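K.L.:
Mind folding the following:
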Amino acid sequence: MPITLPQTLPDILPFLAAAITMILGLAALFAPRLVLRAARLGPTGPSPAGLSQTRTMLGGFVLGAGLATLLFFDQPMMQITLGSAWAFAAFGRLVSILTDDAATAANWGLLVLATALAAFCLMPAFGFVQS
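P.N.:
A predicted model of the protein is given here:
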């Protein structure tokens, strides 16, 4: 199977979203304490379960989703899968901003990032970006 790189804007956008997703997953997988500190969280208690959960769900899962989309960036179903995941992440962040008194600059910035990554995947999949 030959490896192809994106050539057109409808291919570049989901490829870029997948690459950013992979970077976020790699950070959580190999530097969970840094990721938790950036989120102003930390593992609690004597057990390393907090770090394990960070490596698993924020690291491995996100890395796998990004890698699959990176490899199959030109497949609309992969674009829809990653795009809808980022869209629901953005929705969750918006709900948190509105209901949890979490309207910080960091949260607004992360909302913009999640919305952009969702758009990068969903716009080409639904034909809103033409080459």
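K.L.:
Quick check: what element follows the lowest-mean-pLDDT helix or strand in the chain along the chain?
P.N.:
Ranked by mean pLDDT, DSSP states H and E, the helix or strand of the chain with the weakest confidence is helix 49-53, at a mean of 83. Remark: after helix 49-53, the chain's next helix or strand is helix 61-71, criterion DSSP states H and E.
K.L.:
Which strand or helix spans the residue nearest to residue 10 when sequence neighbours are not counted?
P.N.:
Excluding the flanking residues, the one nearest residue 10 by C-beta to C-beta, 6 or more residues apart in numbering is residue 124, at 3.8 Å. Yep, even glycine has a C-beta here, placed from its N, CA and C like the rest. If you go by DSSP H and E, residue 124 is part of helix 105-125.
K.L.:
shaky segments in this protein?
P.N.:
Within the chain, the stretches with pLDDT under 70 are 1, 43-47.
K.L.:
Assign a three-state SS to the residue nearest the centre of the chain, would you?
P.N.:
Ranked by distance to the mean C-alpha position of the chain (C-alpha atoms, centre = their mean), the top residue is residue 21 at 4.2 Å. Following DSSP: H, G, I helix; E, B strand; the rest coil, the label given to residue 21 is helix.
K.L.:
tell me the contacts of it?
P.N.:
Shown in contact with residue 21 (C-beta atoms under 8 Å, 6 or more residues apart in numbering): 62-63, 65-66, 69, 82, 86, 117.
K.L.:
Then residue 15?
P.N.:
Counting by C-beta under 8 Å, 6+ apart, residue 15 makes contact with 5-6, 70, 73.
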